[in-house]
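Engineer: give me coordinates for this.
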Amino acid sequence: MIIASLSIFLLIIGRIIYKRYVPVRQIKECLPRELNAGTAIVDVRDYNDSYKSPTPNALNLPISYLVRHIHELPKKPLHIIASTQLEKNMSVRIIRKAGHEVKSYSLIEEKV
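Structural biologist: Numbering: from 1, shown residues only. Model (predicted):
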């Protein structure tokens, strides 16, 4: 009984770690100015970060609101702008699970 409970606990912890920290494959890093015309830009940074360094023509949808507003994403290839690897990994997995295509990403860190 204890072994089964421990196994389930380890599986849950392993899944959480995988979803957050294991890099998402098959997407490339590029700058927003290098994108094709048919690519939509989604900024998943917090409003405070995206307000300080805005990206033109980007849909600002913080990762905390992503699941709730996933229907607002356009049905075309997406470019993700995030501030950390964690935000990038989580947002790409959420967006792909909803059936959208993520082509590329950019990490824009706030300068202190």
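Engineer: and residue 10, how many neighbours?
Structural biologist: By other C-beta atoms under 10 Å, the residues close to residue 10 number 10. Just so you know, the C-beta spots here come from the backbone N, C-alpha and C atoms, and that holds for glycine as well.
Engineer: could you do residue 41 as well?
Structural biologist: Residue 41 - counted by other C-beta under 10 Å - has 19 other residues nearby.
Engineer: pLDDT value on it, please?
Structural biologist: For residue 41, the pLDDT comes out at 94.
Engineer: ranges for the helices of this protein?
Structural biologist: With helices called from DSSP state H, the chain shows them at 2-21, 47-52, 85-97.
Engineer: give me the distance between residue 51 and residue 24.
Structural biologist: Residue 51 sits 26 Å away from residue 24, going by C-beta to C-beta, to the nearest Å.
Engineer: higher neighbour count, those two?
Structural biologist: Legend: neighbour count by other C-beta under 10 Å for residue 51 and residue 24, higher for residue 24 (17 against 10).
Engineer: does the more buried one touch residue 90 like I think?
Structural biologist: No: in this structure, residue 24 is not within contact of residue 90 by C-beta atoms under 8 Å, at 9.3 Å.
Engineer: quick one: which of the helices of the chain is nearest residue 34?
Structural biologist: helix 85-97 (16.9 Å; C-beta to C-beta).
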